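Trainee: Model the structure of this input:
(4 chains)
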There are 2 protein chains.
Amino acid sequence: MANRFVQKLSGLADLDADDAAALERVTAKPRRYVARQDLIREGDEPGPMFVVLEGWVCRYKILPSGSRQIMAFLMPGDACDLHIKLLAQMDHGIQAITTASVATVSREQMESMMRDHPNIARTMYMAQLVDEGIMRAWIVSMGRRSAAERVAHLICELYLRARSIGLTGEGEFALPLSQLVLADALGMTAVHINRVLKELRLAGAMALTRGSVTILDPVKLVQIAGFDENYLHRRLLLTGLSAR
Amino acid sequence: MANRFVQKLSGLADLDADDAAALERVTAKPRRYVARQDLIREGDEPGPMFVVLEGWVCRYKILPSGSRQIMAFLMPGDACDLHIKLLAQMDHGIQAITTASVATVSREQMESMMRDHPNIARTMYMAQLVDEGIMRAWIVSMGRRSAAERVAHLICELYLRARSIGLTGEGEFALPLSQLVLADALGMTAVHINRVLKELRLAGAMALTRGSVTILDPVKLVQIAGFDENYLHRRLLLTGLSAR
DNA sequence: ATTGGATAATAACATTCATCAATATCCGAG
DNA sequence: CTCGGATATTGATGAATGTTATTATCCAAT
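Mentor: Residues are numbered from 1 along each chain as shown, chains lettered A, B, ... in the order given. Predicted coordinates for the structure are as follows:
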């Protein structure tokens, strides 16, 4: 299955060949972005919906103090808000982390596709609900988990999301995020995340080297994270990657 | 304007009398909940959409350690996820904080209303986007703001939300949240929030007494919070309650 | 191969916040 | 009114994390 958008949505519900063809059609002409390039900035007027096909992208916000908080990672197959055009201006920016290939889908295209393919509409709404669940999980992590737990939890989340679009190897996957980027996502400093990564490595749970994560002991990692995959609402994960 | 749901949505877009009547119709038979009563629990199968008409409600999650994280406050006029029925089970619970009056709207009712009133559909989607913006703002707060900044930011948010449904007085509003509840929402301990509240009181920014907040110095409060109301996407706020 | 900027690793010290503990205050049930 | 549980206040102490600084490593451009 070539198209990541189709692949991602297929992880949430059954799509027929017709649905898949429609999804491929609207994402046929992606645009390339280089690392650190903004897809859209805070304050801009919202435009078409973005669908990431290759590479990693994030939602972020810069505070007056200059510090940055990343609020979401978008990986291949992920789309940003369906109805975003309804708002007068963006309350956050969206930026490529790596070189990325991103398709844009106009509101009109989207609406006609959803009208003609109710199953796609359903699945897109599910994807939206899952994204909200992920945001809530981030809130929980930031509020009530220690730094090590938070790192472990994020890695579990990203591993499963990568896995559901076929981007994982054997207990290992590509994670093109610098420690600085991870720190900005987890609300900690780059120095501290480095300490925590060492700790997780020495504990034999996981090891992050430039560009890739090795899950040394899934059970231990899940236990540290207190991870429960339920909130990702994927069908057929059967990973054994859950706490309770 | 009696119905808080109508009032809240009117703060986002223009609704005509017909729209208002339809909204009132679907929320005509609310049910009462007592404080601490669950509307729905984590693991339950999602049912109808909830619309809060009176009182305060929260989304929350209990961690294995027993600590609680509140992920959202719903006040009168607020509704929970439109399409929630698409998911097999809830990944978090929803609970009344105070005595609350809550209407339930079935997916069928909702869909037929949105079909007959495209303007309502539009506005509900806007409300959903705003709720996401609020979640993102919480992530930013938890990740990059100090305890005092976080408290100040939440109070600014809640003040404006309360204001847009007519629940505020002169630089003051009813906030029926115990320090423990606030702590669970802000990812801190009850002890620490108590200290921070004292600090904010001594700084002359705001004072919280049982059940109500007095904003002593709006400019100072906004400045401490680094608050920018933009993300609430309300029309006509004109509050002067923003940082930049 | 060499260089320079970004990234990573480590240490010393400072700060924020959690934890534990004790007391005070409020408010509803009787 | 008064009793008791929930809530709020305050202090002392320690753990987790931020800050600043220095050095090491990687990698892309020359």
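Trainee: Residue A:82 touches residue A:121, doesn't it?
Mentor: No: under the criterion of Cβ atoms under 8 Å, residue A:82 is not in contact with residue A:121, lying 9.3 Å apart. C-beta here means a position set from N, CA and C on the backbone, and glycine is covered the same way.
Trainee: Which of the two has more residues huddled nearby?
Mentor: Counted by other Cβ atoms under 10 Å in any protein chain shown, residue A:82 and residue A:121 do not tie: residue A:82 has more neighbours, with 21 against 17.
Trainee: mind checking the SS state of that one?
Mentor: At residue A:82 the chain is in coil, as set by DSSP: H, G, I helix; E, B strand; the rest coil.
Trainee: For it, report the pLDDT, please.
Mentor: Residue A:82 is assigned 90 on the pLDDT scale.
Trainee: Over to residue A:36?
Mentor: For residue A:36, the pLDDT comes out at 95.
Trainee: Then residue A:32?
Mentor: In this model, residue A:32 carries a pLDDT of 95.
Trainee: what is it paired to in the beta sheet?
Mentor: As for beta bridges, residue A:32 partners with residue A:101 under DSSP bridges.
Trainee: what about it, distance to residue A:51?
Mentor: 14 Å (Cβ to Cβ, to the nearest Å).
Trainee: Looking at these two, which is more packed in?
Mentor: residue A:51 (25 against 12).
Trainee: I'd like to know how far that one sits from DNA strand D.
Mentor: Residue A:51 is 27 Å from DNA strand D, where distance means Cβ to the nearest atom of the strand, to the nearest Å.
Trainee: Where does the prediction get shaky in chain A?
Mentor: A:1, A:236-244 (pLDDT under 70).
Trainee: relative to helix B:118-144, how tilted is the longest helix seen in it?
Mentor: Criterion DSSP state H: the longest helix present in chain A is helix A:118-144. Angle between the axes of helix A:118-144 and helix B:118-144 is 30 degrees (criterion: axes from the mean of the first three to the mean of the last three Cα atoms, to 10 degrees).
Trainee: Just give me how far helix A:118-144 sits from the chain centre.
Mentor: Chain-centre distance of helix A:118-144: 10 Å, with Cα atoms, centre = their mean, to the nearest Å.
Trainee: so what does it touch, helix or strand wise?
Mentor: For helix A:118-144, the packing partners by 3 or more Cβ pairs under 8 Å, 6 or more residues apart in numbering or on different chains; DSSP states H and E come out as helix A:4-10, helix A:17-26, strand A:68-74, helix A:107-116, helix A:147-164, strand B:57-62, strand B:68-74, helix B:118-144.
Trainee: So which of the ones you listed is nearest residue B:184?
Mentor: Of all the helices and strands packed on helix A:118-144, it is strand B:68-74 that lies closest to residue B:184, at 4.7 Å by Cβ to Cβ.
Trainee: That closest one versus helix A:118-144: what angle between them?
Mentor: Using the same axes, to 10 degrees, strand B:68-74 lies at 130 degrees relative to helix A:118-144.
Trainee: And for strand B:68-74, what's in contact with it?
Mentor: With contact meaning Cβ atoms under 8 Å, 6 or more residues apart in numbering or on different chains, strand B:68-74 is reached by A:136, A:139-140, A:143-144, B:50, B:52, B:56-63, B:80, B:92, B:94, B:97, B:131, B:134-135, B:138, B:158, B:177, B:181, B:184-185, B:187.
Trainee: Is it possible to mark the buried ones in the residues you listed?
Mentor: Buried members of the contacts of strand B:68-74, scored by 16 or more other Cβ atoms under 10 Å in any protein chain shown, are A:136, A:139-140, A:143-144, B:50, B:52, B:56-62, B:80, B:92, B:94, B:97, B:131, B:134-135, B:138, B:158, B:177, B:181, B:184-185, B:187.
Trainee: Also within reach of DNA strand C: list those from these.
Mentor: residue B:187 (Cβ under 7 Å from any atom of the strand).
Trainee: secondary structure class for residue A:219?
Mentor: Criterion first, three-state DSSP; result for residue A:219: helix.
Trainee: List the contacts of residue A:75.
Mentor: Residue A:75 neighbours (Cβ under 8 Å, 6+ apart): A:52, A:56, A:57, A:158, A:161, A:162, A:165, A:167.
Trainee: now do residue A:93
Mentor: Residue A:93 sits next to A:38, A:40, A:41, A:42, A:59, A:60, A:61, A:62 when contact means Cβ under 8 Å, 6+ apart.
Trainee: Excluding covalently adjacent residues, which one is nearest to residue A:167?
Mentor: Once flanking residues are discounted, residue A:167 sits nearest to residue A:173: 6.1 Å by Cβ to Cβ, 6 or more residues apart in numbering or on different chains.
Trainee: what angle sits between the longest helix of chain A and strand A:57-62?
Mentor: Using the same axes, to 10 degrees: helix A:118-144 against strand A:57-62 is 40 degrees.
Trainee: farthest pair in the contacts of residue A:93?
Mentor: Longest span within the contacts of residue A:93, Cβ to Cβ: A:40 and A:62, 14.1 Å.
Trainee: Let's verify the residue of chain A found nearest DNA strand D: helix, strand, or coil?
Mentor: In chain A, the residue that lies nearest DNA strand D is residue A:192 (3.1 Å; Cβ to the nearest atom of the strand). Following three-state DSSP, we place residue A:192 in the helix state.
Trainee: Quick check: the gap between it and residue A:151.
Mentor: Distance from residue A:192 to residue A:151, counting by Cβ to Cβ: 10 Å.
Trainee: higher neighbour count, these two?
Mentor: Using other Cβ under 10 Å as the criterion, residue A:192 and residue A:151 rank with residue A:151 on top: 29 against 14.
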